[in-house]
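S.K.: Here is a sequence together with a model predicted from it:
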Amino acid sequence: MSTTTTPSGQVTTLKIKVVPGASRSGVSGWLGDTLKIRVAAPPEKGKANQAVEAVLCQALKLASRDVRIVRGKTSPNKICEVYGLSPSEIQQRLYAAIG
């Protein structure tokens, strides 16, 4: 994870590995510095990307406007930007979501 500060606030980038077409959606855990997310949506017409953003928003307890995929829209390896949380806050919330 890396953080930058912009005039609108703090932005943290997060590496993600997506497994589309899973039996259920959710955060699976960490693969080194990459977060693994399973989504039930198929990798068609952006459905899996929308599901990834929704899973992250739910796990991080953020509004949909605060999470977006910025790279890797057609790849299972993605880069997301998370607005308003530090890397330590993101890790705490994700570990709580993983259980």
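M.R.: Happy to help now that I have it.
S.K.: contacts and neighbour counts: CA atoms only from here.
M.R.: Will do.
S.K.: Contacts only, for the residue lying closest to S23 once chain neighbours are set aside.
M.R.: Spatial nearest neighbour of S23, chain neighbours left out: A40 (5.7 Å); criterion: CA to CA, 6 or more residues apart in numbering. The contact partners of A40, by CA atoms under 8 Å, 6 or more residues apart in numbering, come to P20, G21, A22, S23, R24, S25, A48, A51.
S.K.: Need the nearest residue in space to the third one, chain neighbours excluded.
M.R.: Excluding its sequence neighbours, the residue lying closest to A22 (CA to CA, 6+ apart) is A40, at 4.5 Å.
S.K.: Go ahead and list the helix or strand containing N49.
M.R.: Following DSSP states H and E, one finds N49 within helix 47-60.
S.K.: Ok, L14 next?
M.R.: If you go by DSSP H and E, L14 is part of strand 9-19.
S.K.: what does that strand contact?
M.R.: 1-5, 33-39, 52, 76-87.
S.K.: how does it look with 6 Å?
M.R.: With contact meaning CA atoms under 6 Å, 6 or more residues apart in numbering, strand 9-19 is reached by 1-4, 34-38, 76-84.
S.K.: swap in stretch 45-54?
M.R.: Residues contacting stretch 45-54 (CA under 6 Å, 6+ apart): A41, P42.
S.K.: List the buried residues of it.
M.R.: Buried positions in stretch 45-54, judged by neighbour count with 16 or more other CA atoms under 10 Å: A48, N49, A51, V52, E53, A54.
S.K.: R24: which element?
M.R.: For R24, there is no host helix or strand (DSSP H and E).
S.K.: now the one 4 residues further on
M.R.: Secondary structure assignment for S28, by DSSP H and E: strand 26-31.
S.K.: Please apply the same query to R93.
M.R.: Following DSSP H and E, one finds R93 within helix 87-98.
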